[in-house]
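Participant: can't give you the sequence, but here's the structure:
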């Protein structure tokens, strides 16, 4: 079992920045990928980005590429999502997810075994 807890959400103006954190605990040694997804109001949960837990690999959705960056601190079992140049359309509940297998189709929700409870990000215009 892996437990994930997100934090860092809040209200920010368009053009601003926010950093989300995801604290992982439990059997983190078996994790291969950590990802961020988001669910805008009234829409389905969508892929934001993914990072390998052990390799130098990240991938992002086209909608956030160049604005968002995922990083990790293995010693602290933490994953971060740095969000810059935020837009109102970035408003969503952001979720952290962990995948135990490798390889994965990183944008597919079903590939992930564990999910956090989510943190709300609201971007005002």
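Facilitator: Structure's in. What do you need? These numbers come from a predicted model, not from an experiment. Residues are numbered from 1 along each chain as shown.

Participant: dump the residue contacts of the residue lying closest to residue 109 once chain neighbours are set aside.
Facilitator: Residue nearest to residue 109 in three dimensions, not counting chain neighbours: residue 45, with 6.1 Å by Cβ to Cβ, 6 or more residues apart in numbering. Bear in mind the C-beta positions are built from the backbone N, C-alpha and C, glycine included. Residue 45 makes contact with 37-39, 95, 109 under the criterion Cβ atoms under 8 Å, 6 or more residues apart in numbering.

Participant: which among the residues you listed end up buried?
Facilitator: By neighbour count, with 16 or more other Cβ atoms under 10 Å, the contacts of residue 45 hold 37-38, 95 as buried.

Participant: picking up where we left off before, is it possible to export the contacts of residue 45 to TSV including distance to residue 8, pLDDT and secondary structure?
Facilitator: Formatted as TSV, the entries for the contacts of residue 45 read as follows, by distance: Cβ to Cβ, whole Å; pLDDT from 0 to 100; DSSP: H, G, I helix; E, B strand; the rest coil:
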residue	distance to residue 8	pLDDT	secondary structure
37	15	98	strand
38	13	98	strand
39	17	98	strand
95	13	98	strand
109	22	97	helix
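
Participant: Just flag the most distant two among those.
Facilitator: Set against one another by Cβ to Cβ, the contacts of residue 45 have their most distant pair in 38 and 109, with a gap of 11.5 Å.

Participant: got CSV for the buried ones among the contacts of residue 45, with distance to residue 113 too?
Facilitator: Supplementary listing: the buried ones among the contacts of residue 45 in CSV, determined by distance: Cβ to Cβ, whole Å:
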residue, distance to residue 113
37, 13
38, 19
95, 13
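
Participant: quick revisit: closest to residue 62 among the contacts of residue 45?
Facilitator: Proximity to residue 62 was ranked across the contacts of residue 45 by Cβ to Cβ; first place goes to residue 38, at 13.9 Å.

Participant: Verify the stated contact: residue 111 with residue 102.
Facilitator: No: under the criterion of Cβ atoms under 8 Å, residue 111 lies out of contact with residue 102, with a separation of 10.2 Å.
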